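got a predicted model here, sequence first, then my questions.
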Amino acid sequence: MSELLASDLITPDAGETPLLSLPSISILKAAPLTRLSLRCREAAQKDAGAAFGAELPLSPLSNSTAAKRAALWMGPDEWTLLAPEDDLRTVFDGIEEKLSAQPHALVDISDRSEAVIVSGDKAVWLLNTGIFIDFSLELFPVGTVTRTLFHKAPVMIWRTGPDTFVVEAWVSFMEYVAGLLVQSAGELEAA
Amino acid sequence: MLLIYCPYCQVERAETEFACRGEAHIARPADPSQTTDEEWVEFLYMRDNTKGIAAERWRHIHGCGRFFNAVRDTVSDNFLKFYKAGEPKPDLEALAKEAGK
Amino acid sequence: MKRYSFLELAKNAFSAHQNWGRQWRAPEPKAEYDVVIVGAGGHGLATAYYLAKEHGIRNVAVIEKGWLGGGNTGRNTTIVRSNYLWEESAALYNHAIGLWQNLSQELNYNVMYSARGVLMLAHTVHDVQSAQRHIHANRLAGVQNEWLSPEEAKEYCPPLNISKNIRYPVMGAALQRVGGTARHDAVAWGYARGADSLGVDIIQNCAVTGIRRGQNGAVEGVETVKGFIKAKKVGVVAAGHTSVVMDMAGVRLPLESFPLQALVSEPVKPAFPCVVMSNTIHAYISQSDKGELVIGAGTDQFVSYSQAGGIHITNHTIDAICELFPHFRRMRMLRNWGGIVDTTPDRSPILSKTPVQGLYVNCGWGTGGFKATPGSGNVFAHTIAKDEPHPINAPFSIDRFRTGRLIDEAAAAAVAH
Amino acid sequence: MSQPFRTEKGGRIDRAEQLTFTFDGEEMQGHKGDTLASALLANGVHLVGRSFKYHRPRGILTAGSEEPNALVGVYRNGDQTPNLRATQVELYRGLEAVSQNRFPSLGFDIGAVNDLLSPLFPAGFYYKTFMWPHAFWDRVYEPIIRSAAGLGKPPKNPDHDFYGNIYAHCDVLVVGSGPTGLAAALAAAETGAKVMLVDEQAEFGGSLLSEAGASIDGKDPAEFVAETIAKLAAMDNVTLLPRTTAFGYFAHNYISLAERVTEHLPTPDPKLPRERLWQVRAKEVVIAAGAIERPMVFPENDRPGILLADAGRTYLNRYGVKVGHKVLVATACDSAWQAAFDLADHGVDVAAIVDMRETPPESLMSIAEARGIRVEAGCVVTGTLGRKRVKGALLGRMMTSGQVASGGQIDCDALLMSGGWTPTVSLYSQSRGKVVWDADKGAYVPGRSVQKERSAGGAKGLYGLQATLEDGYAAGEEAAKTATGKSAKVTYVSASGGEAGSGGILGALPHDRNASRVKAFVDYQNDVTAKDVKLAVREGMQSIEHIKRYTTTGMATDQGRLSNMNALEIASGALQKPMTDVGLTTFRQPYTPTTFGLFAGISRGDFFDPVRKTPSHDWVVENGGVFEDVSQWKRAWYFPKSGEDMHAAVARECKTARESVGLFDASTLGKIEIVGPDAAEFLERMYTNPWKKLAPGRCRYGLLLNDAGFITDDGVIGRLAEDRFHVTTTTGGAPSVFATMEDYLQTEWPDLDVWITSTTEQFAVAAVQGPKAREVIAPFIEGLDLSADAFPHMSVKEATFCGVPCRLFRISFTGELGFEINVPRRHGKMMWETLAKEIEKHNGTVYGTETMHVLRAEKGYIIVGQDTDGTVTPQDAGMTWAIGKKKFDFVGKRGLARPDLVADGRKQLVGLLTKDPKVKLEEGAQITTAEQPATGTPAEGHVTSSYYSPALDRTIALAIVKNGHALEGKTLYVPMPTGSIPVEVTGTVFYDKEGARINV
């Protein structure tokens, strides 16, 4: 898993100017994505992965990726499936068709959340201003994904590189999350 | 702020990611209509409120969202065991001995 | 009992205060008592005092695991008020207010009941509706409570920030002028001295290890670390430990005990005239006569007997304080401590007989027990003496949870639309 | 030289940099490296404050964070901070400090009269008086007591500064950087473990910085410090945090640190936080907090000019300041002798060393002799002279009888004292460890570890340079090994000098003075004397907790770090019990007073709590809408046109919506997608209503109870497919409904093949309500026949809105023809603006939550949480129709059968019409049968909702009334201060009772 993924699937929103751009840290709004919540039991996992185009990761807090596809482990029977914005219907229908005979729940949550890309030497420091998780690479290697709290807001953190993180939050929380990230990074500008 | 192990995520996280849901292993009667008022109030409200080793329900509400159970010493607040929902209630005395209580 | 007065104080000044007597004895337990009260907190001591004073039952022991007044009585934020929603609650707490007003004189011990007013803030339309409902209900019940606009609230409490630009602007407040604070230790000590002088034995460092029941199931007495003590009647007033004690008699209760934290700032010159509470953003604050800001925090989410809570709870409370009183941001926390509060499903206390003959329980005060101390002791004494509840505490039975006749003070705080 | 008490040379201050500061307005000079305390002393200033109760003149007593006397207020650019310890305030150019608790001035303080009246103010005096006359308490006594309260002045203005937060994890956290802490940090770091070293002082090194005459590894201690810190700083597994206090030790090895970031800077960068809260989870903690010296309790031991011996030594060696020109040293232990020697070496006249011990160690005697220092062995100080500055001391000779004989008087301008040392066990105590009494050391020391920590060096009563170094290395090594399993060859270094001394005394010293007249202070700040402690015991206070609370000893800002041991000894003497039976008070967080702002951190203004907005938010702002807070959401409340008040705006909105059309943002309503073969079965179990027969494409109102049987939430639920439901909840209830569903699903019915997903924020929702609703949306909807027959009331279909896929509901919360359009949130703004423009063509209106409330009330639709309050059943609310009669079970079914829920006389939801249609009832107003109820009359119920109804041109209300359903047509009363209002009980539907309008 490498920085590549960020450029392959998670891309800065073209229209948007960076929320913050410093030598040691940058915060960029990510472009819209197809996001699906998939819930199913073990029996359906293989087919689901095949239909989606990236297998469902089974080990906790991990991800699996393929070209323009990423499957993120959210829970023992829950995955978030990421694909380009325009692939929504094909991906959705594809999985529904393949799993028609197996109990599952597939729900479009593309619009439920927004993401920002936090990267730079100070990325870990900045996340730790609001998140009580040890982000050392031994304990939180590249590719790790988790839901957690950023101060008072629920967020999803996905490490796509040693110094690059995707920070996702429900849309109505993003103003709080991005706002605090930018404010907290302020002291990096101090002389 | 407690440090809690989620048996599904298999990591320790800060308490703020979790919601405590009280005493564990209180099953909702299969056919409530057959229960007496006394049995129903027992299910609804009566609690051991143990001082010592007790099993309780937690939900990783800001993580994987799963409910699981934990055994905690309510005097020291130290956890003795974490286990998935649906697994049987552990032998609390045995756990207590292990913990040297 | 030597009466206290300024004259007495002056007299003793000349004898260099060498001649003050003990405020209460340290007796060894007798073999038998008419009534044994388990728990020498404010409620327990008050119960013993009124048993002796109003019901002539003086062969009473109050048994305490630690030192008297060392539990929630000595750990709370000393707020006194009675503007509760339901008639049942209002009656109970207002009974207490009545006793508070003359308590120093009654006990000849200055408990420093200070009717400086309790201001309860409303931050949302729903808060306002809820406060109005309280005020109307209180007026009918004869409980003093009035509505203040934000401006009036600020006039009453100048440090209050009523700017429209804060996250949850103050939309008004309910003020109970007879509400206020009292000196918590003095309440325990005053009742202890009063009860002791009427013949009550206060036995400290004497943990109860069992409750003995006879063939007919009735209470016979309590086992303690100092041996068995025979008693016709036993009243359990053990706050956070009630479940533990009642379990000894095989009585189950709908209780959960949670850590509750409080804190004080360094003492500063008078800066805060009254008591302010905000349920919506969880803040309770007043200033002690010593100058410390006394601040109440919330409870932790899990059952614990550790008397210690998480710092995130404290953080959240101070968030709120600094939001409402931004110039306190540079003040500093001096001490932070925890207590154990026993809470019921409807957030109202249990003052009741129990299925066990001769066993009575007074518990479930949650975060609000201190304010009720005199009233609680008074009606609980009646319940024990008469073996039937006083009309005021009749609704606070254990049975209400079975029947569903709750006195749900939490309900009115239900979140709306 | 402007600093008469500054040494010629030595000390760690930067003599080249002269700093000007003011104290009580007087300008003085100090140096970079000074604390305010050392700078004041360099200028000969000892009197810095007044005591709490008696307003006695007080001087600097210590050189550390335990300082009880030298509390000052510091002002800087409009901000003011009270009660700062002068011993901790780093000097900077232009520092502005003032003394406290005095009026009009420090020199002349009216409050000092209390000192003369002190016989009237023994411990607990206020419990015994101020009770008569009754009324005087509120009006006279308490105001006086309160105005006397407090030390410093509270800040007057909102704080300009901000505060930072950081979460951190480490293998080994070392608290304290004296010899023990440095060694521990080094040993741990060399194993490669992640180490954090914190010290409350500006400089690392602790006692090593004031060491003289010792050497480590053949070097001067200060040099060893510099080298060690440099080595640690170079390792990337080490974090060094000076100016950082470990103030709280919580469960599971969670330690909180307060870092002072800018306070020491003359001109802080506004981009930097003033302080930063470090929330640390450490695998292991090494507590190397050292020990502090104990005052001696002799009469008048509180005069300015009287300091702890080690403080005197620190000021001399570290800051280059002489505490006086003629210094008397009073002690019961060896360590204070070193202070005398160092002073003598700097040419200070040492008046004498007064040692209680009959025969102090020969080694010390000879050094004293060599320096020509007078030694008074077997002597105690029995009193001091002077008021604002000590002028001399009375000596007493200890006799075998235990009595004391007058031993004359010695002049001095400073007095250094030492009662021995007290290990700093605060953090250990906070970690819930129980200290144990160590008779040899004459101190309480840490017992067994409860958490993953170990105390080392002075913190566990171990003294002497070599010993503490070794203990530190060992502690660091063990900690690292336990935390990481790693170990490494650690290079120990050895030290010479700084040997541990012996001796020490607890409690009050014997004297030949009139015990009842003199004051020997135990707790300086709270003015607690030995007499007070004895009085408390006399009055029956037996537990140290009672004594503490009664006398307030140990409750000052040092939390008794200086006073506890002496108080304990005095109490045990008075109780004639061994000290260990008297008990011990526990140390609580914070270790030293900690700024509120630090705890609040970023939680201020809009960051106090997330502000959740819907896609229409900006449009509402631009169009003058007023918002209300509903949970974390900002919801449009009403839309006043120019000149309209709320009442007028709402009346217009209501009227327009009924006559033409209204547009309402319903995006905040909770939405849950329930999917899976067992979806219907799950709803069947959760909600009161039946779901299995609901056809895809149809909707039903759902009512949710708790298992006690009371209403908790409601909302419309649409069936999109056999196995897919779109559930809506109340705005505030969304999170709890979701959590409750997960709870039942995961823990009660894990076998069900169904999953739930929150889609609250997936969709933006516009409600279009009113006769013209269909015309308004028709132009934008494709793929759906909107006609009444094809798409009747309570239908749901997927279609497109302006080409965007949408879920279209035909539902109504107004009683009018109504639609709710759900589009993916990113299109919400577009949808809103499109519809807002469209309704203008039909003279429609946008409306807010207030109008929504009125319209639904006219139809008798309830609002959960307003018309219900957690004690209301479906029957009470007149919603028996919502209960599936044939259902085996649902959440709440059994609860509903409990005795009181089926009893007569329950309060039930009804409508109320005031006899006078103009009179609007107040929400929350109580209802009675009597027109003029006596006080204490139980209410029959209360008004839950009350509005002016434009449609009916009269007021309407909903209420919960005892037996209400049986009272229809009856008259009840709403007693108000202004008079009783007669009302008629009616049904809950006020408008369009037959419901014709909804089906057009």
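Nice, thanks for sending it over. Just so we're clear, the structure is a prediction, and the values are computed from it rather than from any experiment.

next secondary structure after the helix or strand of chain A with the lowest mean pLDDT?
The weakest-scoring helix or strand in chain A, judged by mean pLDDT, DSSP states H and E, is helix A:3-8 (a mean of 55). Moving toward the C-terminus from helix A:3-8, the next helix or strand (DSSP states H and E) is strand A:20-21.

got a list of what the residue in chain D positioned nearest to chain B touches?
Residue nearest to chain B within chain D: residue D:894 (3.5 Å; CB to the nearest CB). C-beta: built from backbone N, CA, C; applies to glycine. Counting by CB atoms under 8 Å, 6 or more residues apart in numbering or on different chains, residue D:894 makes contact with B:29, B:32-33, B:35, B:40, D:707, D:709.

over to residue D:141?
Here residue D:141 is in contact with residue D:130 (CB under 8 Å, 6+ apart).

wait, is it part of a strand?
No. Looking at residue D:141 with DSSP: H, G, I helix; E, B strand; the rest coil, it is helix, so not inside a strand.

in the chain, what spans have low per-residue confidence?
Looking at chain A here, since you left the chain open. A:1-7 (pLDDT under 70).

that answer is for a different chain, and I need it for chain C
In chain C, residues with pLDDT under 70: C:412-417.

the longest helix in it is where?
Longest helix in chain C, counting residues (DSSP state H): helix C:125-141.

swap in chain D?
helix D:465-484.

returning to what we had before: what are the buried residues along the next helix or strand after the longest helix of chain C?
Sequence-wise, the next helix or strand downstream of helix C:125-141 (DSSP H and E) is strand C:146-148. Buried residues in strand C:146-148, counting neighbours by 16 or more other CB atoms under 10 Å in any protein chain shown, are found at C:147-148.

paired strands for strand C:146-148, with orientation please.
In the sheet containing strand C:146-148, its partner strands are strand C:172-176 (antiparallel), by DSSP bridges.

contact partners of the strand it pairs with?
Contacts of strand C:172-176 (CB under 8 Å, 6+ apart): C:81-83, C:117-122, C:128, C:131, C:134-135, C:143-150, C:152-153, C:156.

pull it out as PDB, backbone CA atoms only.
The C-alpha trace of strand C:172-176 is given here as PDB (Å, rounded to 0.1, in the frame of the first residue of the first chain):
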ATOM      1  CA  GLY C 172     -33.000  32.700  30.200                       C
ATOM      2  CA  ALA C 173     -32.900  31.100  33.600                       C
ATOM      3  CA  ALA C 174     -35.100  29.700  36.400                       C
ATOM      4  CA  LEU C 175     -34.200  31.300  39.700                       C
ATOM      5  CA  GLN C 176     -35.000  29.800  43.100                       C
END
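
got the angle for that strand vs helix C:125-141?
30 degrees (axes from the mean of the first three to the mean of the last three CA atoms, to 10 degrees).

helices and strands around the helix or strand following strand C:172-176, which ones?
Per DSSP H and E, the first helix or strand lying C-terminal to strand C:172-176 is strand C:180-181. Strand C:180-181 sits against strand C:79-80, with contacts defined as 3 or more CB pairs under 8 Å, 6 or more residues apart in numbering or on different chains; DSSP states H and E.

the strand it packs on pairs with which strands?
In the sheet, strand C:79-80 lines up with strand C:180-181 (antiparallel) (DSSP bridges).

go through the helix or strand bottoming out on mean pLDDT in chain B and flag the buried ones.
Taking mean pLDDT, DSSP H and E as the measure, the helix or strand of chain B with the lowest value is helix B:92-98, at a mean of 91. Buried positions in helix B:92-98, judged by neighbour count with 16+ other CB under 10 Å: B:92, B:95.
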